[in-house]
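Peer 1: from the sequence below, what's the structure:
(3 chains)
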Amino acid sequence: MRLGEIAQVLGCRVIGDDSVTIKGVAEIHSAGPGQITFLTNPKYRKFLKSTKASAVLVGEPIEGLELPQLVCKEPYVAFAKLLDLFNPETLPAPGVSDSAHICEGVEIGKDCYIGPNVYIGEGTVIGREVYLFPGVYVGRNCRIGDGTVLFPGVKIYDRVKIGRAVRIHAGAVVGSDGFGYAFSKEEKKIYKIPQTGGVVIEDLVEIGANTTIDRGTIGDTVIGEGTKIDNLVQIGHNVKIGRYCFIVSQVGISGSTKIGDFVTLAGKVGVAGHIEIASNVTVAAKAGITKSIKEPGTYAGFPARPYKEWRRIQALVDRLPELYQKIKELARVIKR
Amino acid sequence: MRLGEIAQVLGCRVIGDDSVTIKGVAEIHSAGPGQITFLTNPKYRKFLKSTKASAVLVGEPIEGLELPQLVCKEPYVAFAKLLDLFNPETLPAPGVSDSAHICEGVEIGKDCYIGPNVYIGEGTVIGREVYLFPGVYVGRNCRIGDGTVLFPGVKIYDRVKIGRAVRIHAGAVVGSDGFGYAFSKEEKKIYKIPQTGGVVIEDLVEIGANTTIDRGTIGDTVIGEGTKIDNLVQIGHNVKIGRYCFIVSQVGISGSTKIGDFVTLAGKVGVAGHIEIASNVTVAAKAGITKSIKEPGTYAGFPARPYKEWRRIQALVDRLPELYQKIKELARVIKR
Amino acid sequence: MRLGEIAQVLGCRVIGDDSVTIKGVAEIHSAGPGQITFLTNPKYRKFLKSTKASAVLVGEPIEGLELPQLVCKEPYVAFAKLLDLFNPETLPAPGVSDSAHICEGVEIGKDCYIGPNVYIGEGTVIGREVYLFPGVYVGRNCRIGDGTVLFPGVKIYDRVKIGRAVRIHAGAVVGSDGFGYAFSKEEKKIYKIPQTGGVVIEDLVEIGANTTIDRGTIGDTVIGEGTKIDNLVQIGHNVKIGRYCFIVSQVGISGSTKIGDFVTLAGKVGVAGHIEIASNVTVAAKAGITKSIKEPGTYAGFPARPYKEWRRIQALVDRLPELYQKIKELARVIKR
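Peer 2: Numbers count the residues shown, from 1 in each chain, chains lettered A, B, ... in the order given. Take a look at the predicted model:
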């Protein structure tokens, strides 16, 4: 594909020779002739001089650069489209494997791939162009929407509803029992709280590898439309996550907590149970949210607080040795 | 079922009309006519006025409430029983799937469900009414007690002993190698420490989805009777956990650590190796336990310390900006 | 085996009776006659007097001990060899299961074990003496080197290259999509960044149960030779880990970060994306690394800093109550 054609497809413009042929995309330090590279993170700018790429995707024109530039207003979005153009995902051909175990009353739509050793429980309804990779387990009375992909070994318990164009990565578990027990002092006995609710995964959600999402105790655990969840995340029973949130790896959200729309929880954040987080909140990595957050903004620390406040306190913690020194001096001066 | 009958089964009393018919249990804000709701967390009391439920389960009678009340001394225990009454778990019918792979010398008790694509290794003995869901793997020379349920895709390595009425959720791994290596300076080589011990899971234990429990190096890793472990927890080699502990999601316990009875470790707690935690200890979320805890009580922070102490220090950390201000003023006054 | 023979095999010397027969290895407090025990951690020295073992492996001779001693310069290495001597791992006999699903163009070397319900995708090449336990999934165009073991339910996505003598534990996922999305303000739409790269796992690597390693966006995620990764670890896209590192349980490493050789990250450490960690760095448990570490050494805390610095600050945090007291006093004195 010529660079000019790519520019047309992506809605960008070219600075330099637009007739150069591009066969693939590569990282700036490893790209060779015939490849286009990209500069979405300024950290990698130093490699621009030495790159052997035939073109570079940029957000702003770079002056004095010989290399042809593909200038895109939203370079990261253009990068996504560029990758899709040269490396479209190749999913398996439709068909139902002989070794798939499909129970009674299961409905499967057109053009689905049901791989080897897949299990689909009674009464489950599967839409069109659904991909169930080898070893996927889907329990009873589930619903899986059109175009959804469950990667190898995903386990879906009974009565889970999954929307359209959802992607769930290998080893993820949806619908396991929430963690609830009642201790009877009278009987000196622990009772398990039956976990009788379900899980609703709305359209366009992506769920990472080995992530776990518990079913509701009663009522549903809900993951809102377009929300993206990374690997090894724990979502407790009856949690409600809104639309277009980003939940980064190893986050844990305790039971019955409600999260708004466009919320980002960075890696390893912990969230207490039975609280609410407003829409448009961003929480920095490793923070611990112990009570409801009502205002949009950026938060950090444990217990979590507004980011600026946390920075100020953190800076003072770092200066504690100096502070102790100061106090010693003051004490000495006073004694004199 | 009439409310009066429910009261009899649960050993509670009714305030108001005990003839109302109850068909199910629902959350307070979503309950409709014919459903009973519950008030076990005071946060939800505000919904009492507007709920459309036909009755409410409470711990103490609420005055001036028209809604029939089911008053139970231990409302959370009653709630567990109530859910069980209306939503009993429906496990698969007994039977051994054709596609299960059962090796030589395996013994399987009466009334077991052995699902599709289950693998059971040589010499393993399985009790009565055991449920092995599709894709479960059980290695060689294991023992699984009566009434135990292994959900889809659970992996049990060789020589693991599991008691009665144990529940292990999807994707959990029991008996993987502990993390042990020896570095030889002389040979400039890393040796793997062979992990030759086993794992013992006692009766009534529940283990969450994608949790991992390593086998002992020599001797066993032990999870005591009635202990409940949440999702994505890591238990290192040779750890011994006592009876009726609660280990919440994303906790990590390092090798050879010994934990007493009735211990609660809240979410994301980390525990160092080769230490001991006394019985009746509770540790707050995100704490890091770096040395043995000998006294019962509540602990928090990193390094973990008695909760009150942690609170005091934490409060002072929050006041650091004020403290710095104070010191500045003192310095100014002295200089004058 | 006589103690003298063991000493010869291990290159150690005996103090005391070298004719005693040893049949196995056991922990110091549970060992019985005919067993050898070991003292690699001084914490367990107190059990030496009461042990019923027939011999003990030590690093330095212990005076006044009647028990025959196997004195080894590197006792932990000798312990590894001792365990291997008495408890060699017994892997399944070679053979390909009837229920394995092997796609076209797959090459499998000599003496492999391909267990029940294993799936191997098109074009994948598997070396000699490779063990694929039941339920393992390997995607298309992968390469697996000689002597590698994939335990039950391991999932390998397409185009992953695994070296020789690698061990990957149950439930681990290699090659899942990295977490990358681009938000278009113009289109008000989230684009998934296609994850088109691969993963390279070099020789002698061990990966723990339910650990997840994402594929590169473009270019590869790389785990260097001999690196050992524990359970439930998250490795982001395009991360490069060097040789002979130890990555302990529940660590999370964000995308594009580069880690040197001989690096140890203790339990629950979090590492930010797009940074570099020098070789020979050790990071204490629960630390959070927010920027590049350029000097070898030990680091701790969040944000991570040199260990000694962290200790000093941490000690002062603990003394905050005392500090506040001091300031109050000073203020009182000054006012007088």
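Peer 1: please count neighbours and contacts with C-alpha atoms only from this point.
Peer 2: Fine.
Peer 1: for chain A, longest helix please?
Peer 2: helix A:320-335 (DSSP state H).
Peer 1: between helix C:320-335 and it, find me the angle.
Peer 2: Between helix A:320-335 and helix C:320-335, the angle comes out at 30 degrees (axes from the mean of the first three to the mean of the last three CA atoms, to 10 degrees).
Peer 1: pull out the buried positions in helix A:320-335.
Peer 2: A:320-321, A:323, A:327, A:330 (16 or more other CA atoms under 10 Å in any protein chain shown).
Peer 1: burial of the closest residue to chain B within the stretch 151-300 of chain A, as a residue count?
Peer 2: Among the residues of the stretch 151-300 of chain A, residue A:193 lies closest to chain B, at 4.6 Å counting by CA to the nearest CA. The tally of other residues near residue A:193 (other CA atoms under 10 Å in any protein chain shown) stands at 22.
Peer 1: does the closest residue to it other than its chain neighbours belong to a helix, a strand or coil?
Peer 2: Spatially, and ignoring its direct neighbours in sequence, residue A:193 is nearest to residue B:80 (4.6 Å; CA to CA, 6 or more residues apart in numbering or on different chains). Using DSSP: H, G, I helix; E, B strand; the rest coil, the structure places residue B:80 in helix.
Peer 1: how near is the closest residue in space to residue A:107 that isn't next to it in sequence to residue A:151?
Peer 2: With sequence-adjacent residues excluded and distances taken as CA to CA, 6+ apart, residue A:107 is closest to residue A:125, at 4.7 Å. Here the criterion is CA to CA, to the nearest Å. By it, residue A:125 lies 18 Å from residue A:151.
Peer 1: who has more neighbours, these two?
Peer 2: Remark: of residue A:125 and residue A:151, residue A:151 carries more neighbours, 24 against 19, as counted by other CA under 10 Å.
Peer 1: please name the residues that touch the more buried one.
Peer 2: A:131-134, A:136, A:167-171 (CA atoms under 8 Å, 6 or more residues apart in numbering or on different chains).
Peer 1: cool, residue A:107 as well?
Peer 2: A:123-126.
Peer 1: roughly how far does it sit from residue A:121?
Peer 2: 10 Å.
Peer 1: likewise residue A:115?
Peer 2: In terms of CA to CA, residue A:115 sits 15 Å off from residue A:121.
Peer 1: may I have stretch A:49-61 as PDB, with CA atoms only?
Peer 2: Coordinates of each C-alpha in stretch A:49-61 appear next as PDB, following Å, rounded to 0.1, in the frame of the first residue of the first chain:
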ATOM      1  CA  LYS A  49      17.200   9.900  13.500                       C
ATOM      2  CA  SER A  50      18.400   6.300  13.300                       C
ATOM      3  CA  THR A  51      15.200   4.500  12.400                       C
ATOM      4  CA  LYS A  52      15.200   2.600   9.100                       C
ATOM      5  CA  ALA A  53      11.500   2.800   8.700                       C
ATOM      6  CA  SER A  54      10.100   4.200   5.400                       C
ATOM      7  CA  ALA A  55       7.600   6.500   7.100                       C
ATOM      8  CA  VAL A  56       6.500   7.600  10.500                       C
ATOM      9  CA  LEU A  57       3.100   8.300  12.000                       C
ATOM     10  CA  VAL A  58       3.100  11.600  14.100                       C
ATOM     11  CA  GLY A  59       0.600  13.900  15.800                       C
ATOM     12  CA  GLU A  60       2.400  17.100  14.800                       C
ATOM     13  CA  PRO A  61       4.600  17.600  11.800                       C
END
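Peer 1: that one and chain C, any residue contact?
Peer 2: No: judged by CA under 8 Å from any CA of the partner chain, stretch A:49-61 stays clear of chain C, getting no closer than 13.2 Å.
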